[in-house]
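**Student:** Output the structure for:
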Amino acid sequence: MFRKLSALALAAAVSTTCHAQATLAIEADKPVHPVSPMLYGLMTEEINYSYDGGLYAEMVRNRTFNHSWSGFQHWTLDNAGDSSATMKAVDNDGPSEVLNHSVRVDIANATNTAQAGVRNDGWWGMMLRPNTEYTGSLYVRGDIGSMVVSLVNSTTGHVAATTTVEGITGDWKQLRFTLHTGTALQPGAGNHLLLSFTRPGSVQMQLVSLFPPTYKNRANGNRSDLMEMMANMHPKFLRLPGGNYLEGDTIQDRFDWKSTLGPLVDRPTHKGTWSYQSSDGLGILEFLEWTEDLNIEPVLAVYAGYSLKGDHITPGPGLKPYVDDALDEIEFVTGDTSTKWGAVRARLGHPQPFPLHYVEVGNEDMFDKSGSYSARFTQFIKAIHAKYPSLKVIATDVIKNGTQPDLVDDHYYKTAEEFYGMVNHYDSMPRTGPKIFVGEWATREGSPTTNLGAALADAAWMTGMERNSDLIEMSSYAPLFVNVNPGGMQWESDLIGYDATKSYGSPSYYVQSMFAQYLGTEVSQSTLSGGVHTRFFTSVTRDPAKGELYVKLVNGSSEPQGIDIKVSGVNVAANGTLVTLKGDARTATNTIADPERITPQTLKVRASANVHHTVPPLSVQVLVLPAK
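**Tutor:** Numbering: from 1, shown residues only. Below you'll find the model as predicted:
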């Protein structure tokens, strides 16, 4: 991720004249407390087309032919020459009980040279690359015999890949196909999928799907570039299935994990909380495989009887089915093949249990005006601890009836100035209660992704989380993803932006990566004194096993900050590393067109136990000192 520059002396790395001198005294042999090994992780949910149209690699939009008064969104007729065809919704006739509807295409006129058909334009286009195989499938019913499947340039009409699907006879069946692009193809997203016919007849279709190569070649998998970007954040966990997406607007629209199991044809889809339909392609097993692919742990959020528009389940007998459902879900994640739901997981292709140490009960239940959360949480935690006593159970609001959660989930969406003022928020908080999970937080400045000003405030806040990592056990920025196409964003100031062709990290993304990559196992005793700018913040951690000391320096001021770094208690070797993220203005940012305007730069530097250094204005730096 980081570009290597030529080795320079530390003093020469930043030579700007500064007007204030500070001292950071570090007693590296005096740890204050351990750093939580789970401090930095990931939180995602279905917002900003994060899953469908984003991470989930499905290229077909509205693959299940959901329709309204305006027709089949993102499906249009494509009749060449004098061919003609019509589309019609068919209710109560589909390939499965849950996908019990379909589209019927009636072809009145069609020939080999004048084909009739339908097209899907994908998620703001379909990204095609040369010499690449795309795998597809669809369910069909009819007696038309065959269908031509093509990937076509939407501007020129050039056919990038084509194949013929045979066997369209009789009742519902699934047919599969592959499409291969040529080596001369110019990569780009201006393409569509065309399903066309060469003779008159009728055919019903459902669940048309097309996938590019996916991360680690997972079937029904994820976009490689977005998975790689998450891997480069060095996370320890994924909170799943994420926030409001768990709750749904209504109880009926919650993330019903059991309905996301098995073949796609058995997944009904459901309405998300941001005005678009979720395909349910990312089901509970796919979420867990996501954590496996990144070598991280799941933090499992279970539905707790409250939905966003105010519906709630009264604690007691009415809530028990939802508690039982959560216990089933935990068993699906952790149970061996002798258990009911562990055996279900094994039949779906994953006999080995997944690691699980954290379960979160609900999401943002402070918004439940019924006041029922304390009792609901108590009913959940008693049942979970009775069957799984080692699990840590997270509450999403203050529990007022005496029940003690293992962690409490705090959420903060603030301006930069507000976060600067909150850096010391946890410094004097009692250590006798639950641990803290800062499960959603972000500096909300910049659109669609954050700017440098937000990244500086993020970094300042993170120094406070590191200093208090005996209390703060976990944290995760939100939202993680945004589709930058027009209409793709519902929430601005996000971490990673993308379209169909590529992705990029915001300045805040690189702060997250820097802080997680350069994190010790213990907080070192340190004292900052002298002439310090009001927007200057530090964090010092050490990893004795690696023999490294990590000094994080955040200068949110427009003035440079001079600092003398004095290290005692360890031997500091001569060769260090300085990683710098900086820009010329707080509004500076990265975009889909200019993705690397602000990225970390890495220098090899001379180090010692006494370093005189100048921190540039509007910068985040990590000084890595070999210290044994």
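
**Student:** only C-alpha atoms for contact and neighbour calcs from this point on.
**Tutor:** Will do.

**Student:** Met422 touches Trp461, doesn't it?
**Tutor:** Yes: under the criterion of CA atoms under 8 Å, Met422 makes contact with Trp461 at 7.1 Å.

**Student:** More neighbours: which of these two?
**Tutor:** Trp461 (25 against 15; other CA atoms under 10 Å).

**Student:** Let me see the domain layout of this structure.
**Tutor:** As given by automatic domain parsing, the domain ranges for the chain are 3-35+521-626, 40-57+215-485+512-517, 67-211.

**Student:** The closest residue to Thr162 other than its chain neighbours and Ile313: what is the separation?
**Tutor:** Nearest residue to Thr162, sequence neighbours excluded (CA to CA, 6 or more residues apart in numbering): Ser150, at 4.1 Å. According to CA to CA, to the nearest Å, Ser150 and Ile313 sit 49 Å apart.

**Student:** Can you check my assumption that Lys258 lies in a helix?
**Tutor:** Yes: under DSSP: H, G, I helix; E, B strand; the rest coil, Lys258 sits within a helix.

**Student:** neighbouring contacts of stretch 276-294?
**Tutor:** The contact list for stretch 276-294, computed with CA atoms under 8 Å, 6 or more residues apart in numbering, reads 46, 51-52, 56, 62, 64, 216, 220-221, 227, 231, 237-238, 240-241, 257, 260-261, 264, 267-272, 297-298, 333, 345, 354.

**Student:** how long is it end to end?
**Tutor:** 28 Å.

**Student:** now do stretch 87-97
**Tutor:** For stretch 87-97, the first-to-last residue distance is 22 Å (CA to CA).

**Student:** That one: how far from the chain's middle?
**Tutor:** Distance, stretch centre to chain centre, for stretch 87-97: 33 Å (CA atoms, centre = their mean, to the nearest Å).

**Student:** One more: stretch 330-350?
**Tutor:** On the basis of CA atoms, centre = their mean, the separation between the geometric centre of stretch 330-350 and that of its chain is 25 Å.

**Student:** What residues sit buried inside that stretch?
**Tutor:** 330-337, 341-346 (16 or more other CA atoms under 10 Å).

**Student:** could you dump the residues you listed to CSV with secondary structure, distance to Pro321 and pLDDT?
**Tutor:** Shown next, in CSV, are the buried residues of stretch 330-350 (DSSP: H, G, I helix; E, B strand; the rest coil; distance: CA to CA, whole Å; pLDDT from 0 to 100):
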residue, secondary structure, distance to Pro321, pLDDT
Ile330, helix, 14, 98
Glu331, helix, 15, 98
Phe332, helix, 16, 98
Val333, helix, 18, 98
Thr334, helix, 20, 98
Gly335, coil, 19, 98
Asp336, coil, 23, 97
Thr337, coil, 23, 97
Trp341, helix, 16, 98
Gly342, helix, 19, 98
Ala343, helix, 21, 98
Val344, helix, 19, 98
Arg345, helix, 21, 98
Ala346, helix, 24, 98
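
**Student:** which one of those residues is nearest Asp397?
**Tutor:** Closest approach to Asp397 among these (CA to CA): Ile330, at 21.6 Å.

**Student:** what bridges to Asn153?
**Tutor:** Judged by DSSP bridges, the bridge partners of Asn153 are Asn191.
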